[in-house]
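*Asks:* okay, sequence plus prediction incoming.
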Amino acid sequence: MIRVNKILNHKVFNEYLERINKAEENRLFCLHNIGHLLDVARVGYIISLEKGFNLDKEMIYAASLLHDIGRWKQYLDGSDHALVSARLAVDILKECDFNDQEIDGIIESIKKHRKGKDLITNLDFVLYHGDKKSRLCLKCNSINECLKGEKEDYLKLEY
């Protein structure tokens, strides 16, 4: 997990997290803080193990930590945070010693994590489902105002 710890200590990664935290100061719904990012990683890793995907733990954690880093830009101008996150993640991954093939796989998974369409690789599947199944919607005070409250899958604890 050496490279994952490099991400966690990366200056730009932490600047993006700070921008997100500031933008979500008064948010009633789910936050996109470090807790969420680590929850996605841990749930994703469990999914990978249960499905027998044999994915590298660092790949799951790297994708999970970086999948929402463009969220601040969405709040600023309405950009698709998945696409922004993918773009912003490239330099961080390079600076944390991921190779081009790993970067390509992580970036593609980040791009697909919102809608869950065209989930081709196991990493795509793990990131998408880890993100969705990591939330505790059934105990959320804002569930009645949230779009997720209309989806029965969000109201079940699985991981």
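*Replies:* Looks like it came in fine. Note that the structure is a prediction, hence the values are computed from the model and not measured.
*Asks:* measure Leu31 to Lys117 for me?
*Replies:* 25 Å (C-beta to C-beta, to the nearest Å). Using the backbone N, CA and C atoms, a C-beta is placed for each residue, glycine as well.
*Asks:* next one: His36
*Replies:* 22 Å.
*Asks:* which one of those two is surrounded by more residues?
*Replies:* His36 (19 against 8; other C-beta atoms under 10 Å).
*Asks:* give the contact list for that one.
*Replies:* 30, 68, 134 (C-beta atoms under 8 Å, 6 or more residues apart in numbering).
*Asks:* hmm, the last one is touching Asp39, no?
*Replies:* Yes: distance between Ser134 and Asp39: 4.0 Å, which falls inside the contact criterion (C-beta atoms under 8 Å).
*Asks:* now do the strands in this structure.
*Replies:* Ranges of strands within the chain: none, based on DSSP state E.
*Asks:* ranges for the helices of it?
*Replies:* Per DSSP state H, the chain carries helices over the ranges 2-8, 11-23, 34-51, 57-66, 71-77, 81-95, 100-112, 122-133.
*Asks:* packed most tightly, which of those helices would that be?
*Replies:* helix 57-66 (a mean of 25; mean count of other C-beta atoms under 10 Å).
*Asks:* quick one: that helix to helix 100-112, angle?
*Replies:* Calculated by axes from the mean of the first three to the mean of the last three C-alpha atoms, to 10 degrees, helix 57-66 forms an angle of 40 degrees with helix 100-112.
*Asks:* tell me what helix 57-66 is packed against?
*Replies:* Helices and strands touching helix 57-66, by 3 or more C-beta pairs under 8 Å, 6 or more residues apart in numbering; DSSP states H and E, are helix 2-8, helix 34-51, helix 81-95, helix 100-112, helix 122-133.
*Asks:* quick one: which of these is nearest Leu17?
*Replies:* helix 34-51 (6.2 Å; C-beta to C-beta).
*Asks:* that closest one: how far from the chain's middle?
*Replies:* Averaging C-alpha positions (C-alpha atoms, centre = their mean, to the nearest Å) puts helix 34-51 9 Å from its chain's average.
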